[in-house]
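K.L.:
Mind folding the following:
(chains A and B)
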Amino acid sequence: MSDIPAGIDLTASYFELFGMEAGYDINRDAIQDRYLDLQRIVHPDRFAGLGERGQRLAVQYAAFVNEAYQTLCSPLKRALYLLEHSGHPVDIEKNTVMDTGFLMQQLELREELGEVRESCDPESAIEAVLEHAEELMTSLQLGFVTCWKSGTADDLEKAADFARKMHFAEKLISEAEELEEQLFDS
Amino acid sequence: MLLQISEPGLSPAPHQRKLAIGIDLGTTNSLVASVRSGTAETLPDASGEHILPSVVHYGTQCTLTGTDARRLAAEDPLNTIISVKRFMGRGVEDIRALGDVLPYRFTRTDGGMPFIETVQGEKSPVQVSAEILRALRGRAEETLGGDLLGAVITVPAYFDDAQRQATKDAARLAGLEVLRLLNEPTAAAVAYGLDQGGEGTIAVYDLGGGTFDISILRLRRGVFEVLATGGNTALGGDDFDQMVAGWILEQAGLDIKALDPEQYRKLLDAACAAKEALTDSDTVSINFDGWSGEITKTIFDSLVDPLIDRTIKSVKKSLRDAKLKAADINEVVMVGGSTRVPRVRERVADLIGKQPLTDIDPDRVVAIGAALQADILAGNKPADEMLLLDVIPLSLGLETMGGLMEKVIHRNTTIPVARAQEFTTFKDGQTAMAIHVLQGERELVDVNRSLARFVLRGIPPMPAGMARIRVTFQVDADGLLSVSAREESSGVAASIEIKPSYGLEESEITEMLQASYTFAKEDKEARNLLERRVEAERIIEAVQNALAIDGDILLSPEERAELAEQARHLAETTKSHDADLIAKTTEEVAKASEVFAARRMNAGIRAALSGQAVDAFEALGADKTEK
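P.N.:
This is a model prediction of the structure:
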């Protein structure tokens, strides 16, 4: 994930950086406003006079602010960051046993995606897949936030599970979007 | 105050404008613009022409650019280089794939970069572009009456890393300091946005001679934020000409293979003339090689519609990337000479449901936007007036096992950006690792652009899978990538070799700079001294400004005094005629001020964190602003 380059003594968390409490619910407008303020401070164009060194430094800061912004705006990245930030990092690559209900749901969605090309109206078919996947994503987010707010050890474990499931859902969404692109471009 | 640092005569007068220009280095035409008495305007040449055709003619006696060069295109096609932008950062294979019947003789070099054979020897596309830039620089210096601080040079948003690097190299060869590479659509949005002072979502449709770009931007509180960008680096008005040329050949019953380069050039000229005439009339007569006939607007539209279809597809794709619908777009800005074609305007208006903006001359709008940005970067304007947040147009990644590309940074990610990926060894005792950097959207390595190959050496021998090699990608505000790699577990510094796939080697650029016989030796030295002085003055000013704003808060009295003394010493040194000494002292000051700069940024961020007014830390590195 984020890589804070050496030389920056920026110890603020993404939440502090954006002037918000550590939590899953966000105010998108406030984040966007703060993002513009921060970029006004650190963007390399503000250091045009300082030569290569100043530029290098500013590039690192601006990259950090961008990473923070993107993390906070993405439902999955925000969930993972929140868990990591509170001392419960999730290894997303690690295979864990998913509950059968979720696996069935995944299977069905993948099947639906697989049938898009053969469909008589592929464009509507892909839109339907995307809609279903987005619905899944929304319900996973709700599940995550409930567990996160409860905060018991057991629920935090469940929150991590929801994050892993979001990872699956997001992968599906990006595959669907790629297919959509291919369909539109052909 | 410990020290009176702004001694008179040491720094430039505060109200002296620094000369900075914006350059639109186009496929067909190029322009230079600058902000004069508050407005950005394109600069004309001695005969009043603003547009410089992007044509270079290499003759036995001299090198010509612009209209003079274009006049020789039909007569001497082999030595007259047209549309060289299409070859920038490209390999010989790419150029063949452009599908054009090019009259030039290409020679391949080791790096895969093509050179064009001319009577003056082999010329790389970078050198040809540098000729155009040199002509524009000369024009600007004459018109503005002084030495330039630097230039903002525009590139198509869709340009990949190799194409951007080639453009920057061309500027260096032309003796221009690049303040920033700016994406053409962003420049156009700036020209319109500042003009109209609005907020909202803007689509910029830029169809030039050889490239097509589409960008979707959001303008809020003076910040232009690019949401998505797309396009095609090999699609433009030249292709319209090709279509018409093909139609003429078909009508005349001629075979393209039977044409010599001179005839071919004449055919393209006839096609281009017909295209332009059809903007205002419904029928145009064409004469070519003894054949004469008429082309109607309806025929023309049907010829170019498939090309316009491709641009419309790109627009739709960018809208999807930005997660927007056509109805969300508040304004459409038209850029590039090819948007004069009525059919293009019609199709775009149909798609977005709005009449496109064409108030600013589509040929000049990019240069004007670039000049506005150059003015700000030069420190002539309060820097908080405008900020541009651009994105990377194509994904960046690495080759993994099985010839697949693993994306590290996805397209449309806001720049600057830094991301790291960890890899490991797959053999026991492996001490080196080949790293292949790619740019593109496809899964297979072969169809993406190869940017560079690295060999990471010096990995300490370990069992397979134990080494932790961290590869970091960093993209700066120009959209240029730098890659570094490090073995983490041992902390052993590992070396990296970079070999640009389609660029010029650093040594080649140095050689070309030295070989450029534009300057006599003394001239070259004088030029070098002047450049070192400008550089030194720039940093002195930046340091002094920064010290004046918050040197007392962020530095100890000793630190402050030392830095001020170093700046003063540099100011003293610039009076000497020793360019190397000035460069060395400049570097020392730059190094010494780094800690200060870091503290200022941290302080700025902390201030923002604690909810203090951000204004107190505005214009950190730029001039102190007065409102």
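K.L.:
Could you use CA atoms for every contact and neighbour count after this?
P.N.:
Will do.
K.L.:
which of the residues in the top helix by length along chain A are buried?
P.N.:
Counting residues, the longest helix found in chain A (DSSP state H) is helix A:153-185. By neighbour count on 16 or more other Cα atoms under 10 Å in any protein chain shown, the buried set for helix A:153-185 is A:155-167, A:169-170, A:172-173, A:176-177, A:179-180.
K.L.:
separation between the nearest residue in space to residue B:223 that is not next to it in sequence and residue A:36?
P.N.:
With sequence-adjacent residues excluded and distances taken as Cα to Cα, 6 or more residues apart in numbering or on different chains, residue B:223 is closest to residue B:387, at 4.8 Å. The gap separating residue B:387 from residue A:36 is 9 Å, by Cα to Cα, to the nearest Å.
K.L.:
same thing with residue B:586?
P.N.:
As judged by Cα to Cα, residue B:586 and residue A:36 stand 33 Å apart.
K.L.:
gap between the two ends of stretch B:192-212?
P.N.:
Start-to-end span of stretch B:192-212 (Cα to Cα) is 19 Å.
K.L.:
got it, and stretch B:133-153?
P.N.:
One end of stretch B:133-153 sits 10 Å from the other (Cα to Cα).
K.L.:
Give me the buried positions along that stretch.
P.N.:
B:133-137, B:139-140, B:144, B:147-153.
K.L.:
give me every residue that touches the closest residue to chain A within the stretch 301-450 of chain B.
P.N.:
Taking Cα to the nearest Cα, chain A has its nearest neighbour within the stretch 301-450 of chain B at residue B:417, 4.2 Å off. Taking Cα atoms under 8 Å, 6 or more residues apart in numbering or on different chains, we find residue B:417 in contact with A:59, A:60, A:62, A:63, A:64, A:66, A:67, B:473, B:474, B:475, B:476.
K.L.:
hmm, try it at 10 Å
P.N.:
With contact taken as Cα atoms under 10 Å, 6 or more residues apart in numbering or on different chains, residue B:417 is in contact with A:2-3, A:59-67, B:391-392, B:409, B:473-477, B:479, B:481.
K.L.:
Residue 73 - how many residues pack around it?
P.N.:
Let's take chain A. Residue A:73 is flanked by 16 other residues according to other Cα atoms under 10 Å in any protein chain shown.
K.L.:
Hmm, no, I was thinking of chain B.
P.N.:
23.
K.L.:
ok so, going back, just the ones of the buried residues of stretch B:133-153 in strands?
P.N.:
B:150, B:151, B:152, B:153 (DSSP state E).
K.L.:
from those residues, which single one is nearest residue B:95?
P.N.:
Using Cα to Cα, residue B:153 is the member of these that lies nearest residue B:95, at 23.4 Å.
K.L.:
Next one: that closest one from residue B:352, what distance?
P.N.:
Per Cα to Cα, residue B:153 is found 29 Å from residue B:352.
K.L.:
related to what we said a few turns ago, which of the contacts of residue B:417 are buried? Put it as a ChimeraX command.
P.N.:
Entered in ChimeraX, the line below selects the buried ones among the contacts of residue B:417, by 16+ other Cα under 10 Å:
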select /A:2,59,60,61,62,63,64,65,66,67 /B:391,392,409,473,474,475,476,477,479,481
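K.L.:
And the helix of greatest length in chain B, what does it pack against?
P.N.:
Determined from DSSP H, the single longest helix within chain B is helix B:521-554. Using 3 or more Cα pairs under 10 Å, 6 or more residues apart in numbering or on different chains; DSSP states H and E as the contact test, the elements touching helix B:521-554 are helix A:51-73, helix B:506-515, helix B:557-573, helix B:579-609.
K.L.:
Could I get the buried residue list for it?
P.N.:
In helix B:521-554, counting by 16+ other Cα under 10 Å, buried: B:524, B:528-547, B:549-551, B:554.
K.L.:
Okay, now the unreliable bits of the stretch 451-600 of chain B?
P.N.:
Applying pLDDT under 70 to the stretch 451-600 of chain B picks out residues B:491-524.
K.L.:
Might you enumerate the residues of it proximal to chain A?
P.N.:
Within the stretch 451-600 of chain B, the residues that sit near chain A (Cα under 10 Å from any Cα of the partner chain) are B:472, B:474-478, B:535-543, B:586-587, B:590-591, B:593-595, B:597-600.
K.L.:
hey, where'd the strands end up in the stretch 351-500 of chain B?
P.N.:
Ranges of strands in the stretch 351-500 of chain B, per DSSP state E, counting those that start in this stretch, are B:387-389, B:396-400, B:404-409, B:417-423, B:433-439, B:449-457, B:469-475, B:481-487, B:495-500.
K.L.:
swap in the stretch 1-150 of chain B?
P.N.:
Along the stretch 1-150 of chain B, counting by DSSP E, counting those that start in this stretch, strands occupy B:20-25, B:29-36, B:39-42, B:52-53, B:55-58, B:63-65, B:80-82, B:106-108, B:114-118, B:121-123, B:150-155.
K.L.:
among those strands, which is the most enclosed?
P.N.:
Of all the strands of the stretch 1-150 of chain B, strand B:20-25 has the most neighbours on average by mean count of other Cα atoms under 10 Å in any protein chain shown, namely a mean of 31.
K.L.:
strands paired with that strand, and their directions?
P.N.:
Strand B:20-25 has the following strand partners under DSSP bridges: strand B:29-36 (antiparallel), strand B:150-155 (parallel).
K.L.:
Quickly list the domain ranges of the chain.
P.N.:
You didn't pick a chain, so chain A it is. A:14-73, A:100-185 (automatic domain parsing).
K.L.:
Wait, chain B was what I had in mind.
P.N.:
Domain assignment for chain B by automatic domain parsing gives B:20-234+B:333-389, B:237-302, B:396-504, B:521-617.
K.L.:
Need the winner for burial among those.
P.N.:
Stretch with highest mean neighbour count among the domains of chain B: domain B:20-234+B:333-389 (a mean of 21; mean count of other Cα under 10 Å).
K.L.:
Could you verify my assumption that residue B:331 touches residue B:215?
P.N.:
No - with contact defined as Cα atoms under 10 Å, residue B:331 and residue B:215 do not form a contacting pair (11.9 Å).
K.L.:
Mutual contacts of the two, please.
P.N.:
Contacts common to residue B:331 and residue B:215, judged by Cα under 10 Å, 6+ apart, are B:189, B:202, B:203, B:204.
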